[in-house]
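Undergrad: One predicted model, sequence on top.
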Amino acid sequence: MRNPLSKKIIDIQPSGIRRFFDVANEMEDAISLGVGEPDFDTPWRIRDEGIFSLEKGRTFYTSNAGLKELRKEICKYLERKIGVTYDPLKETLVTVGGSEAIDVGLRCMLDPGDEVLIPQPSYVSYLPCTVMADGVPVVVPLQYENNFKLTVEDLEKYTTPKTKVLIMPFPNNPTGSIMTREDLEPVADFVKEHDLYVMSDEIYSELTYQTKHVSIASLPGMRERTLVINGFSKGFAMTGWRLGYCCGPEMIIEQMTKLHQFAIMCAPTTSQYAAVEGLKNCEDEVEEMRQSYNQRRRFLMHEFKRMGLECFEPFGAFYVFPSIKEFKMSSEEFATRLLREEKVAVVPGTAFGECGEGFLRISYAYSLDDLKEALGRVERFINRLREAQL
Amino acid sequence: MNENKEALRIEILKYLEKHSRVDLRELAVLMGVEEAEAANEMAEMEKEKIICGYHTLIDWDKTGVEMVTALIEVRVTPQRDRGFDRIAERIYNYPEVYAVYLISGSYDLLVTLEGKSLKEVSRFVSEKLSPIEGVLNTATHFILKKYKDHGTIMIPKKESERMLVTP
């Protein structure tokens, strides 16, 4: 019998820490700091709107690109938030989560051999999606010394004449790093100079602290070479609704809509109706969640400092990324032992690329009480390790 | 008052409203300020009577204590020069009265009352409240079940069903 599988899919390695994830998810009484989604329920007015749409029998497909009303609200929202204007009819596509937009976007932009710059540590899907789109992933390791921001020096090392797309994963999962306007400007100049396109994954854009999120698309000359990807999962606490979107030049969106039409038809109708309410009337709820995350962020930073755990201060998303290099073991070993010995689940930095070695991703999408209990255990664990090192 | 101070005050108030028992050191960490600054703001707001007390939300139904709560609508004739204040004062000075609000709409005062039994509440209405000069009539509503009180849903929250680790 012939092998049913393509070489491409076989060559994509399952995430090295898949095993760790499986073990962790089976642990029944563990406390977790390992989740990449909000602990808040979706604001009630959004859920209620979803229920209402079901009651009204809105159980049909929407147009491929998404409900017109939703696309209009998305464009108004982006204009408000990042100061970039998009045409709801020609430059906006509603997708099944931001993840679909990453996949479809790369498929529409890459020819075989085109190189994609993927700054790491970052979310797990950019690399496999690039491979499935026949692109060549080129990892750009971000430096702790730069607070995991992307610099032109990093880019210079990895850009070749074949480079076509730069992924911009900020605010960043897993490091919590953000890029300010000053940080973005030289990157934007570099992109223009080398005639690259940017896929800017801004799914955590609502969750920045102290400074407002800045999109690279809002910098001069960047709108026409940037695909902005965003969604409702993080800021609006709507992960399970699977709803995202992307905005960009008509030329790209048109082709993405075509692929999306064949692969998906349309994003879930119930979610789309609910999301309209989110964009129209949930500013206060989103702000309240942001404030709560910010308080926990300050709490975690304070606690890590007290424990003497090295950590740069992150200003985005809901993660901190402390270094565990002092303990002279791999991230995965540390995480595995922490899980086994203290029943606390954290994610090894290596889940997000090899350069995450020596770090842990700690999520603060948990109540303060949970954080306190978990940190108490972490402290006990590292004290034990330090004693053993003496 | 500068904008930061105002923002800090509001953040402190919002937090205290839900977590009045937080200790000062922790509050300061959560607000991202020095302990002395948080203490200062709280003391000032207590003095200004912005913070009026630190109370505990209790579900008395879960205890052995017999307790009924009634909402009483009261229509009154406002008094010359004093409006509703004089009558409100005569009502709110009773210790069993929990809250008194001046209300817009078809009646004037809304009185919340706590008593040991229906009988005790009824006696208060007929013997104390109704005879007050200026009170025209009353309508008493007994609370049968509290679903949500002071912004807190009284039904226990479900356990988290999120996966333990996700990327």
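TA: Nice, I can see it.
Undergrad: Any idea how many residues pack against the residue nearest to A:Gln120 when sequence neighbours are not counted?
TA: In space, A:Gln120 comes closest to A:Gly353 once its chain neighbours are excluded; the distance is 3.0 Å by C-beta to C-beta, 6 or more residues apart in numbering or on different chains. From N, CA and C alone the C-beta is placed, and that goes for glycine too. The tally of other residues near A:Gly353 (other C-beta atoms under 10 Å in any protein chain shown) stands at 22.
Undergrad: what's the distance between the closest residue to B:Tyr54 other than its chain neighbours and B:Ile155?
TA: Nearest residue to B:Tyr54, sequence neighbours excluded (C-beta to C-beta, 6+ apart): B:Ser20, at 4.2 Å. Applying C-beta to C-beta, to the nearest Å, the value for B:Ser20 to B:Ile155 is 22 Å.
Undergrad: neighbour count winner among these two?
TA: B:Ser20 (13 against 7).
Undergrad: Model confidence for the more buried one, exactly?
TA: Predicted confidence (pLDDT) for B:Ser20: 93.
Undergrad: Could you do B:Arg80 as well?
TA: On the pLDDT scale, B:Arg80 gets 79.
Undergrad: quick one: contacts for A:Asp39?
TA: Applying C-beta atoms under 8 Å, 6 or more residues apart in numbering or on different chains, we find A:Asp39 in contact with A:365-367, B:160, B:162.
Undergrad: wait, which of those residues is closest to A:Asp11?
TA: B:Arg162 (32.0 Å; C-beta to C-beta).
Undergrad: what's the closest non-adjacent residue to A:Gln210?
TA: What sits nearest to A:Gln210 in space, not counting adjacent residues and going by C-beta to C-beta, 6+ apart, is A:Phe315, at 5.7 Å.
Undergrad: Check the burial of residue 3 by counting its neighbours.
TA: Went with chain A since none was named. 7.
Undergrad: You answered for a different chain; I wanted chain B.
TA: Neighbours of B:Glu3 (other C-beta under 10 Å): 7.
Undergrad: any idea how far it lies from A:Ser215?
TA: For B:Glu3 relative to A:Ser215 (C-beta to C-beta), the value is 26 Å.
Undergrad: now the chain, which segments are flagged as low pLDDT?
TA: Just going to use chain A. Judged by pLDDT under 70, chain A has its weakly predicted residues at A:16-17.
Undergrad: Chain B is the one I meant
TA: For chain B (pLDDT under 70), the answer is B:1-2.
Undergrad: longest helix anywhere in it?
TA: Of all segments of type helix in chain B, defined using DSSP state H, the longest is helix B:3-18.
Undergrad: Kindly spell out which helices and strands sit in contact with the helix or strand that that helix is followed by.
TA: Using DSSP states H and E, the helix or strand that directly follows helix B:3-18 along the chain is helix B:24-31. If contacts are counted by 3 or more C-beta pairs under 8 Å, 6 or more residues apart in numbering or on different chains; DSSP states H and E, helix B:24-31 sits against helix A:283-307, helix B:3-18, helix B:35-47.
Undergrad: I'd like to know which of the ones you listed lies nearest to A:Gly240.
TA: helix A:283-307 (16.0 Å).
Undergrad: can you list the residues that contact that closest one?
TA: A:38, A:40, A:43, A:45, A:176, A:206-207, A:209, A:235-237, A:311, A:313-314, A:318, A:320, A:322, A:362, A:364-366, A:368, A:371, A:375, A:378-379, A:382, B:11, B:14-15, B:26, B:29-32.
Undergrad: Roughly how far does the closest residue to chain A within chain B sit from A:Asp22?
TA: Residue nearest to chain A within chain B (C-beta to the nearest C-beta): B:Val165, separated by 3.5 Å. Distance, B:Val165 to A:Asp22, by C-beta to C-beta: 9 Å.
Undergrad: which residues in chain B form strands?
TA: Residue ranges of the strands in chain B, as given by DSSP state E, are B:68-76, B:97-102, B:109-115, B:135-142, B:148-149, B:152-153.
Undergrad: Export the fourth one to PDB, keeping only CA atoms.
TA: What that stands for is strand B:135-142. The C-alpha trace of strand B:135-142 is given here as PDB (Å, rounded to 0.1, in the frame of the first residue of the first chain):
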ATOM      1  CA  VAL B 135     -46.000  59.300  55.600                       C
ATOM      2  CA  LEU B 136     -48.900  58.800  53.200                       C
ATOM      3  CA  ASN B 137     -48.800  55.100  52.600                       C
ATOM      4  CA  THR B 138     -46.400  52.200  52.300                       C
ATOM      5  CA  ALA B 139     -46.000  48.900  50.300                       C
ATOM      6  CA  THR B 140     -43.900  46.200  51.800                       C
ATOM      7  CA  HIS B 141     -42.100  43.600  49.600                       C
ATOM      8  CA  PHE B 142     -40.400  40.600  51.300                       C
END
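Undergrad: who touches the residue nearest to A:Gln210 in this structure?
TA: Applying C-beta under 8 Å, 6+ apart, the residues near A:Phe315 are A:171, A:176-178, A:208-211.
Undergrad: Mind giving me the ChimeraX select for those, buried ones only?
TA: To isolate the buried members of the contacts of A:Phe315 in ChimeraX, using 16 or more other C-beta atoms under 10 Å in any protein chain shown:
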select /A:171,176,177,178,208,209
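Undergrad: Tell me the one of the contacts of A:Phe315 nearest A:Glu26?
TA: A:Gly176 (27.7 Å).
Undergrad: Spatially central residue in the chain, please.
TA: This is for chain A. A:Asn173 (5.0 Å; C-alpha atoms, centre = their mean).
Undergrad: hm, I was asking about chain B
TA: B:His150 (6.7 Å).
Undergrad: Now it: closest residue in space, sequence neighbours ignored.
TA: Using C-beta to C-beta, 6+ apart, the closest residue to B:His150 is B:Leu57 (5.2 Å).
Undergrad: What's the separation between that neighbour and B:Lys148?
TA: 11 Å.
Undergrad: can you check A:Gly358 too?
TA: From A:Gly358 to B:Lys148 the distance is 47 Å (C-beta to C-beta).
Undergrad: Get me the contact residues on chain A for chain B.
TA: A:15, A:20-21, A:24-25, A:27, A:30, A:32, A:34-37, A:39, A:123-124, A:173, A:291, A:294-296, A:298-299, A:302, A:345, A:347, A:351-352, A:368 (C-beta under 8 Å from any C-beta of the partner chain).
Undergrad: Among those residues, name the buried ones.
TA: A:15, A:20-21, A:24-25, A:27, A:30, A:32, A:34-37, A:39, A:123-124, A:173, A:294-296, A:298-299, A:302, A:345, A:347, A:351-352, A:368.
Undergrad: Great, nothing more from me.
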